[in-house]
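A.B. asks: Quick one, structure for this:
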Amino acid sequence: MEKVTLFYLEKPDIKISMELYFNENDQLYFDGYDIGKSVKEIWGDSDYEYCYSIELEEVAKFYEIFNLEQGDRSGLLQALKLQFSGNKAYSLFGEFMDAENIKYDRFSWA
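C.D. replies: I've put the predicted structure just below:
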């Protein structure tokens, strides 16, 4: 399974990881995970998980937006990495999908 890392940070008080990939259900999946002392101070628990899942029918819209051949998953992951790398990747990716009318499911757990 090919994954791209949109953001990774590891410091003594926090570790942040954000990855994008296609899961076993053929959904485009944004997987975010924060852990550490700083997370506990903000959320009251030492870890925070957050994700987006986008169904295959909606993923087709990304190929058109980025002018990629339908089904070019590797090309799509790389295009999304270029567009959404950084600490604000989760927020920016959600805003982008809203602006482009791409339907998705969102989940977070602290």
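A.B. asks: so who does the residue nearest the centre of the chain touch?
C.D. replies: The structure's the chain has its C-alpha centroid closest to residue 30; by C-alpha atoms, centre = their mean the separation is 2.7 Å. Neighbouring residues of residue 30 by C-beta atoms under 8 Å, 6 or more residues apart in numbering: 6, 18, 19, 20, 51, 52, 53, 89, 90, 93. Yep, even glycine has a C-beta here, placed from its N, CA and C like the rest.
A.B. asks: Which residue ranges of the chain form helices?
C.D. replies: Assigned by DSSP state H, the chain shows helices spanning 37-43, 56-65, 73-84, 89-99.
A.B. asks: What is the neighbour count of the residue nearest to the residue nearest to the centre of the chain when sequence neighbours are not counted?
C.D. replies: Nearest residue to residue 30, sequence neighbours excluded (C-beta to C-beta, 6 or more residues apart in numbering): residue 52, at 4.1 Å. The tally of other residues near residue 52 (other C-beta atoms under 10 Å) stands at 20.
A.B. asks: give me every residue that touches residue 52.
C.D. replies: Neighbouring residues of residue 52 by C-beta under 8 Å, 6+ apart: 28, 29, 30, 90, 93, 94, 97, 104, 105, 106.
A.B. asks: are any of those buried, and which?
C.D. replies: With neighbours counted using 16 or more other C-beta atoms under 10 Å, those contain these buried positions: 28, 29, 30, 90, 93, 94, 97, 104.
A.B. asks: Leaving out sequence neighbours, find the closest residue to the fourth one.
C.D. replies: Looking back up the chat, that one is residue 90. Nearest non-adjacent residue to residue 90, counting by C-beta to C-beta, 6+ apart: residue 32, 5.3 Å away.
A.B. asks: The first one now?
C.D. replies: Distances taken as C-beta to C-beta, 6+ apart place residue 54 nearest to residue 28, at 4.2 Å, with adjacent residues excluded.
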